[in-house]
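Participant: Below is the sequence, then the predicted model.
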Amino acid sequence: MKNSTQTDTHEERSLLDDLRFDVSVRINSLENEELRADIIQAIDEIPFIYNMLSKDRPYAKDLPKDDDGKIEVDVTSPHILEDMDFFRERALYFKKHGKYTDLVPNRFPSSRYMKFWREEQRRCREGLVRSSDGEWIPGYYYWYLNYCPILMTQEIPKSAEDLEEQVGNIKADRVEDFPRVWDSDYLWYHYVEQAEQRGMHCANLKTRGRGYSFKGSSMGTRNYYHFKRSKSFAIASEGEYLYDDGILSKAWDTLNFIDNHTPWRKSRDYADRNDHKRASYRDPRTKTEKGIKTEIIGVSTKGQPERARGKRGKLLLFEEAGKFPHLKKTYAIARPSVEQGKMTFGTIVVWGTGGTEGADFAGMRELFTKPDAYNIYALDNVFDRNMPQGTVCGYYCGEYMNREGCYDVNGNSDIVKALIEVFDARAIIANSTDDPNALIQEKADRSITPQEAMMKREGHLFNVEDIRIHLAEVETNPKKYTDATWKVKLYFQDGEVAWKLSNNYPIRQFPVMDIKDLEGCVEIFEHPIKVDDHIQSNVYIAGCDPYDDDMSIGPSLGSIIIMNRLTGRIVAEYTGRPRTAEEFYEICYRLMKYYNAKCNYENNKKGMFQYFDRINATYMLCDTPGILRDMQITKRVGYGNFAKGTHTTKAVNGWRNSLIRSYLMEQAYGKEEGERNYSTIVSPAILRELIAYDPEVGNYDRISALGMVLIYRADLEKYGIEDEDFDDIDSVKKPIDPFFLRVRPSMSDRFVSAESEERIDIRSRIRRR
């Protein structure tokens, strides 16, 4: 939270000074203070919105140009569009006259008629440049604007009396017309152009209602008429996304329009089906196939990724990728069809809409957030709030871009007006229903950030938005957080566990992409506190998600977390997969020994118990928590492995998740009022797992370990610190004073400097936007 009203006013004034004058005036004139604060926060935290409203935003004439006189378009920091009807001259002419030209048809190659249509074909292939200022649009966009009528929303005119009585939404209808210029479309087509020039593919996460099925159909029809022997594939998980009102039906409407109104008409003697059109004809004299032989083909995978194999084409378009089971596998199978070594001869386009639910959206999330791993053209992620520098993603079209009624004649989005409408709609939902998922659904359907678009329809188990803000804080301040921890290797010296700095580094990735080196290292956030050279029992407790197999084809890791019961802080973590399972168990043993901690572990795997039994250390594994039986979550009372740890079931995992949710929102020990436990977590990987958690998909090893330690903590709440398992009868039991747990012990000499004083407590003063 900000420190004072005075600071808020100063920061807001500084921000508003950076914006266009008209924008600042409109924001300052808002009477609703909460709405005003929401808009200012969005501008402050989302760089793309700031770039769009900045007073320094350029025009085309201000931008550098390439050797062909074209401006260099920055998709993440766009310029202001001017006089864009220049690029839709043919569409405007057709609307007025019902035809594209008054020139008399003349097939002679040097006739004005043929020159006109050859120039139009060149524009559809290469785009159009305005020589006066270098503004230009790619060929895909020129074709879409001028040759692809679409259904558009149009307000139904009202009388003066009706306008006076107008309350709420405006009545409208869907009419056929040529597309208007939208800046979101302008940026999307330039993104596609830039990806093609780099031999890369495209991913687009978008809000609802932006007509992408029309755009997709136009891309296929453009190739069909203007690139000889090209193939364009529309791939969907179900036929309903291709036919009826789907992308192929829209493409066939465009083919009919072009055949009726241009000289580009193509016969389809060899393929004229609902799922396949081929531009060729049967020569009546030779009985052979002739023509340019371009094709548009629909493919419905129906849960069988192999159906995408061998689809060699200029364009492979994945429709409704947000509702596409096995998307990653299907994408991986399709890639060799457009790539050969380092050569790329076709473009894969994947787009999906926010607000979809369940595992079907996981593939779209992966492709969008990890574009580099899939040869997808990566942009700096300027679309999310407070993202660390260097974070990348695909193209994003938010609800503030070209919301109906919120853009000018040149397609420039009125972002402030759109945000007012978006936040107003959210406030109405929040104040009119007790269903928390209603607001989540609204945010996901009409998102202003990719993270909102990727919210699960059924809601998140954890306080994801808060955790995202804290993760951004951790990642943007490494000196304060991740650099100020001990990355160590544990070893025995004189019968005690000691540590030295490790040559390895903790695994920060989630999900794990590179499975070559998963050993990781122990990371210590707070060393154990000793009283009279003794670590008292039950101050530190552990939770572990083990594994048994030495080899695995998946990215599952072993994870152990150590927690201070008195403060609730996570003080150490090891997550990794050494060469053998026994190496993992040995690391767990040493870490538990170092903190004098007992461990609750998932006993579904037997290996951990067997290893501790062999080294005579089963006393370090906690008995099956009695609270599970008390709550009738489990009835298992066994021996050996089943007498220790927790046997996970659906019911156990459900309670575990509720414990984690409650833990994250507990008041943080020793912190200012309102600071919660999630803000004390230093590990970026734990935070990422919490954000991504989906009980139906994926491995969440750290969440499992955290759940085990919280189950153990809940079971121990009926005990004091020294109530059990302190066997040293010669030692004097002394209660630990929680006061000493408020401050971390001093760091090692490698951190002692004037510069490091600020990071002595790596979790103090968590900044909240």
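Facilitator: That came through, no problem. The structure displayed is predicted, hence computed values, not measured ones.

Participant: Quick one: the helices in the stretch 251-400 of the chain, in order.
Facilitator: 327-334, 362-369 (DSSP state H, counting those that start in this stretch).

Participant: Mean pLDDT lowest where, among the ones you listed?
Facilitator: Ranked by mean pLDDT, those bottom out at helix 362-369, with a mean of 89.

Participant: quick revisit: please identify the most buried of the helices of the stretch 251-400 of the chain.
Facilitator: Counting by mean count of other CB atoms under 10 Å, helix 362-369 has the highest mean neighbour count of these, with a mean of 23. For every residue, glycine as well, the C-beta is placed using N, CA and C.

Participant: thinking again about what came up before, would TSV of the helices of the stretch 251-400 of the chain with distance to Met152 be doable?
Facilitator: Below are those laid out as TSV (distance: least, CB to CB, whole Å):
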stretch	distance to Met152
helix 327-334	30
helix 362-369	26
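
Participant: Out of these, which is closest to Leu35?
Facilitator: For Leu35, the closest of the helices of the stretch 251-400 of the chain is helix 362-369, at 29.4 Å, according to CB to CB.

Participant: Could you check the angle that closest one makes with helix 327-334?
Facilitator: Between helix 362-369 and helix 327-334, the angle comes out at 70 degrees (axes from the mean of the first three to the mean of the last three CA atoms, to 10 degrees).

Participant: Against which helices or strands is helix 362-369 packed?
Facilitator: Counting contacts by 3 or more CB pairs under 8 Å, 6 or more residues apart in numbering; DSSP states H and E, helix 362-369 is packed against strand 202-206, helix 327-334, strand 347-353.

Participant: for the protein, what helix or strand is lowest in average pLDDT?
Facilitator: Ranked by mean pLDDT, DSSP states H and E, the weakest helix or strand in the chain is helix 160-164, scoring a mean of 55.

Participant: where does the stretch 151-300 of the chain have low pLDDT?
Facilitator: Within the stretch 151-300 of the chain, the stretches with pLDDT under 70 are 153-174.

Participant: Show me the strands in it, by range?
Facilitator: Remark: strands assigned in the stretch 151-300 of the chain by DSSP state E, counting those that start in this stretch are 172-177, 202-206, 231-236, 272-273, 276-278, 281-282, 289-290, 295-300.

Participant: Is it possible to get TSV of those that adds distance to Ala42?
Facilitator: Converted to TSV, the strands of the stretch 151-300 of the chain look like this (distance: least, CB to CB, whole Å):
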stretch	distance to Ala42
strand 172-177	27
strand 202-206	18
strand 231-236	33
strand 272-273	48
strand 276-278	44
strand 281-282	55
strand 289-290	57
strand 295-300	39
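
Participant: Need these in a markdown table (columns: mean neighbour count and distance to Asp185).
Facilitator: Output for those, formatted as a markdown table (neighbours: other CB atoms under 10 Å; distance: least, CB to CB, whole Å):
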| stretch | mean neighbour count | distance to Asp185 |
| --- | --- | --- |
| strand 172-177 | 12 | 15 |
| strand 202-206 | 26 | 11 |
| strand 231-236 | 26 | 19 |
| strand 272-273 | 11 | 30 |
| strand 276-278 | 21 | 25 |
| strand 281-282 | 14 | 34 |
| strand 289-290 | 12 | 36 |
| strand 295-300 | 22 | 21 |
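
Participant: Identify whichever of these lies nearest to His534.
Facilitator: Across those, closest to His534 is strand 202-206 (CB to CB), at 54.6 Å.

Participant: and that closest one, C-alpha only, in PDB?
Facilitator: Output in PDB follows, covering the C-alpha atoms of strand 202-206 (Å, rounded to 0.1, in the frame of the first residue of the first chain):
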ATOM      1  CA  CYS A 202       1.800 -16.400 -34.200                       C
ATOM      2  CA  ALA A 203      -0.200 -16.600 -30.900                       C
ATOM      3  CA  ASN A 204      -3.000 -14.300 -30.000                       C
ATOM      4  CA  LEU A 205      -4.900 -14.100 -26.800                       C
ATOM      5  CA  LYS A 206      -8.000 -11.900 -27.100                       C
END
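
Participant: Which strands or helices does that strand pack on?
Facilitator: Applying 3+ CB pairs under 8 Å, 6+ apart, one finds that strand 202-206 contacts helix 183-197, strand 347-353, helix 362-369, strand 395-397, helix 450-453.

Participant: returning to that earlier point: quick one: closest of the helices of the stretch 251-400 of the chain to Ile39.
Facilitator: helix 362-369 (25.6 Å).

Participant: Now do the closest one and strand 347-353, the angle between them.
Facilitator: Going by the same axes, to 10 degrees, helix 362-369 makes 110 degrees with strand 347-353.

Participant: what about stretch 619-626, start to end distance?
Facilitator: One end of stretch 619-626 sits 16 Å from the other (CA to CA, to the nearest Å).

Participant: Equivalent analysis for stretch 75-91, please.
Facilitator: Using CA to CA, the two ends of stretch 75-91 sit 25 Å apart.

Participant: Just want the phi and psi numbers for the residue in the chain sticking out farthest from the centre.
Facilitator: Taking CA atoms, centre = their mean, the residue of the chain most remote from its mean C-alpha position is Arg285, at 57.7 Å. Note on Arg285: backbone dihedrals following degrees, to the nearest 10 are phi -90, psi -50.

Participant: how close does it sit to Arg268?
Facilitator: Computed as CB to CB, to the nearest Å, the Arg285 to Arg268 distance reads 20 Å.

Participant: same deal with Cys521?
Facilitator: From Cys521 to Arg268 the distance is 63 Å (CB to CB).

Participant: Those two - which one has more neighbours?
Facilitator: Taking other CB atoms under 10 Å, Cys521 and Arg268 do not tie; Cys521 has more neighbours (21 against 17).

Participant: For the more buried one, give me its contacts.
Facilitator: 487-489, 502, 504-506, 574, 576 (CB atoms under 8 Å, 6 or more residues apart in numbering).

Participant: Please repeat the previous calculation with a cut-off of 6 Å.
Facilitator: 487, 502, 504, 506 (CB atoms under 6 Å, 6 or more residues apart in numbering).

Participant: Using PyMOL, make a named selection holding only the buried ones among the residues you listed.
Facilitator: To isolate the buried subset of those in PyMOL, counting by 16 or more other CB atoms under 10 Å, use the following:
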select buried, resi 487+502+506
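
Participant: Format the contacts of Cys521 as TSV; extra columns: pLDDT and secondary structure.
Facilitator: Putting the contacts of Cys521 into TSV (pLDDT from 0 to 100; DSSP: H, G, I helix; E, B strand; the rest coil) gives the following:
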residue	pLDDT	secondary structure
Lys487	96	strand
Ser502	94	coil
Asn504	92	coil
Pro506	93	coil
